[in-house]
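1. here you go, sequence then predicted model.
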Amino acid sequence: MDPYGALPAAVRAALRAPLVDHHCRGVRRDHLTRSLFETLITEARTPAPPGATHFDTPVGTAIRRWCGPVLGLDPHAPPTVYLARRAELGAEEANRRLLREAGVVAFLVDAGDGGHELLPAAEMGRLGGAAADDIVVLERVEEEVAKAGPAAVGYADALAGGLARAAARAVAFKSAIARGCGLDFDPARPGRGTVIAAAGRRLAAPGEPLRDPVLLRHLLWTAVDVARERGLPLQIATGYGEAGPQRSDPALMSGFLRALPPGGVPVVLLHCHPFHRQAAYLAGVFPHVYLDIGLGLASTAAGSAAVLGELLERVPYHKLMFSSGCRGVAETCHLGALCFRRGLARTIAARLGQGEWSPADAARVAHMIGSDNARRVYRL
């Protein structure tokens with residue numbers, strides 16, 4: 001059933017317009033075995049139980065239904081047939097087809113810690129036929145600074161310098177503080193003496209991931225200073241994938257959001273599903289807070305309309321941005337865009353049918369969420 005069929009022409013055009021994918025990761029450039037492919041389509045990042053498969057999930061079913069035809073297969077081809085066709089085309093051609101089918105005009109790419117096997121921003125843009133820019137992950141910058149071996153007393157200055165240099169090539173900063181200490185962190189900026197003492201401990205083992213809550217807070221506040229000076233937004237990862245469920249609810253960050261100076265740095269809450277209602281509330285009460293639901297669209301697949309409907313019950317329309325949540329395989333980029341468009345089409349159709357929205361309002365909201373909000377926030 002065509003979700004666009006009964007919609008006014010202006011709304012259909014808005015839903016089909018090119019998207020700005022404001023947060024994604026690179027996709028693999030190498031051949032993927034079935035076991036590796038399956039781990040990349042699940043948030044668990046682990047194999048399915050013996051005798052089971054990750055293709056028996058909403059995202060797995062959606063890959064066979066919607067990605068198969070992009071690769072030249074009939075809808076619902078079996079997993080073995082799908083993966084054989086993917087291998088026949090080769091990774092580059094499969095990536096090119098799926099990324100271009102997403103209809104993205106700009107990728108903002110988080111390099112993260114994926115390694116050389118993931119495509120960088122420039123390659124994502126080339127294969128996807130789109131512009132592409134870098135998102136700089138704060139923790140990666142800190143790790144480089146720590147490995148350079150500054151004295152503890154010079155750590156703060158070295159970190160500020162590293163972030164300033166990284167900002168020159170960035171369209172945004174991103175923090176994974178939830179992974180290090182949860183989102184229930186003390187919102188206060190740490191004092192200089194406390195930072196020096198923590199830096200001494202950190203520099204004794206610079207190769208380890210950053211887990212010290214004092215230094216994570218210092219990193220975040222230093223990034224706020226640099227971002228304000230350079231006009232960059234600050235993305236903060238939330239959701240189950242970043243920390244335990246009791247420590248990844250974005251509402252836990254309200255103290256930090258309140259402590260930020262008004263009119264300063266835009267804060268974008270990433271991957272808010274299943275905490276999207278809480279994130280929508282924060283976006284409503286804090287003028288500098290924005291959000292997306294990232295991979296929540298592809299992972300809920302046919303249920304994406306319900307998630308978007310819940311968001312649009314509360315979120316200010318100028319605060320919600322599209323991201324595919326793409327990571328590892330280009331299928332997640334294509335599905336993120338497709339589920340966004342189809343889910344939003346169904347949500348809009350329901351509101352138009354009830355007389356709650358006008359066609360002009362519906363088209364305007366679709367353009368805002370799909371690209372206009374990101375263009376404004378990231379100054380694209």
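-> Right, received. Where do you want to start?
2. spatially nearest residue to residue 163 (excluding sequence neighbours)?
-> Leaving aside its chain neighbours, residue 163 sits nearest to residue 226 (4.6 Å; criterion: CB to CB, 6 or more residues apart in numbering). All C-beta spots, glycine's among them, are computed from the backbone N, C-alpha and C.
3. that neighbour: neighbouring residues, count only.
-> 23 (other CB atoms under 10 Å).
4. now the strands for the chain?
-> Counting by DSSP state E, the chain has strands at residues 19-25, 104-110, 131-137, 170-175, 234-237, 267-270, 289-291.
5. and the shortest one, how far from the chain's centre?
-> When C-alpha coordinates are averaged (CA atoms, centre = their mean, to the nearest Å), strand 289-291 and its chain have centres 12 Å apart.
6. please apply the same query to the fifth one.
-> Mean-position distance between strand 234-237 and its chain equals 9 Å (CA atoms, centre = their mean).
7. how about the contacts made by the residue lying closest to residue 215 once chain neighbours are set aside?
-> With sequence-adjacent residues excluded and distances taken as CB to CB, 6+ apart, residue 215 is closest to residue 198, at 5.0 Å. By CB atoms under 8 Å, 6 or more residues apart in numbering, residue 198 lies in contact with 190, 212, 214-215, 218.
8. farthest pair in these?
-> Greatest spatial distance in those: 190 and 212, 10.1 Å, computed using CB to CB.
9. out of those two, which sits in the busier spot?
-> residue 190 (21 against 17).
10. and that one, what does it touch?
-> Applying CB under 8 Å, 6+ apart to residue 190 gives the contacts 198, 214, 217-218, 221.
11. just the buried members of these?
-> Restricting the contacts of residue 190 to buried positions leaves 198, 214, 217-218, 221, with burial counted as 16 or more other CB atoms under 10 Å.
12. break this structure down into its structural domains.
-> Domain assignment for the chain by automatic domain parsing gives 9-29+95-377, 32-89.
13. reformat the contacts of residue 190 as CSV; add distance to residue 105 and pLDDT.
-> What follows is the contacts of residue 190, written out as CSV (distance: CB to CB, whole Å; pLDDT from 0 to 100):
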residue, distance to residue 105, pLDDT
198, 43, 97
214, 41, 97
217, 36, 97
218, 37, 98
221, 34, 98
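14. can I get these in a markdown table including distance to residue 157?
-> Listed next are the contacts of residue 190 as a markdown table, based on distance: CB to CB, whole Å:
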| residue | distance to residue 157 |
| --- | --- |
| 198 | 15 |
| 214 | 17 |
| 217 | 17 |
| 218 | 12 |
| 221 | 14 |
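15. in helices, which of these fall?
-> Assigned to helices by DSSP state H, the following of the contacts of residue 190 qualify: 198, 214, 217-218, 221.
16. OK, contacts around the residue nearest the centre of the chain?
-> In the chain, the residue lying closest to the centroid (CA atoms, centre = their mean) is residue 23, at 3.9 Å. By CB under 8 Å, 6+ apart, the contact set of residue 23 is 108, 110, 135, 174, 235, 268, 270, 292, 294, 323, 325.
17. then residue 121?
-> Shown in contact with residue 121 (CB under 8 Å, 6+ apart): 26, 107-109, 111, 132-134.
18. ditto for residue 46
-> Residue 46 neighbours (CB under 8 Å, 6+ apart): residue 39.
19. give me the mean pLDDT for the longest helix belonging to the chain.
-> Ordering each helix of the chain by length in residues (DSSP H) puts helix 330-353 first. Helix 330-353 comes out with an average pLDDT of 96.
20. extract the C-alpha set from that helix and format it as CSV.
-> The C-alpha coordinates for helix 330-353 follow below in CSV (Å, rounded to 0.1, in the frame of the first residue of the first chain):
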residue,chain,number,x,y,z
ALA,A,330,24.4,0.7,4.1
GLU,A,331,21.1,-1.1,4.6
THR,A,332,20.6,0.9,7.8
CYS,A,333,20.9,4.2,5.9
HIS,A,334,18.4,3.2,3.2
LEU,A,335,16.0,1.8,5.8
GLY,A,336,16.4,4.8,8.1
ALA,A,337,15.3,7.1,5.3
LEU,A,338,12.6,4.9,4.0
CYS,A,339,11.1,4.2,7.4
PHE,A,340,11.3,8.0,8.2
ARG,A,341,9.4,8.9,5.0
ARG,A,342,6.8,6.1,5.2
GLY,A,343,6.3,6.5,9.0
LEU,A,344,5.9,10.3,8.7
ALA,A,345,3.5,9.9,5.7
ARG,A,346,1.2,7.7,7.8
THR,A,347,1.4,10.1,10.8
ILE,A,348,0.6,13.1,8.6
ALA,A,349,-2.2,11.2,6.8
ALA,A,350,-3.8,10.5,10.2
ARG,A,351,-3.6,14.2,11.2
LEU,A,352,-4.9,15.4,7.9
GLY,A,353,-7.8,13.0,8.1
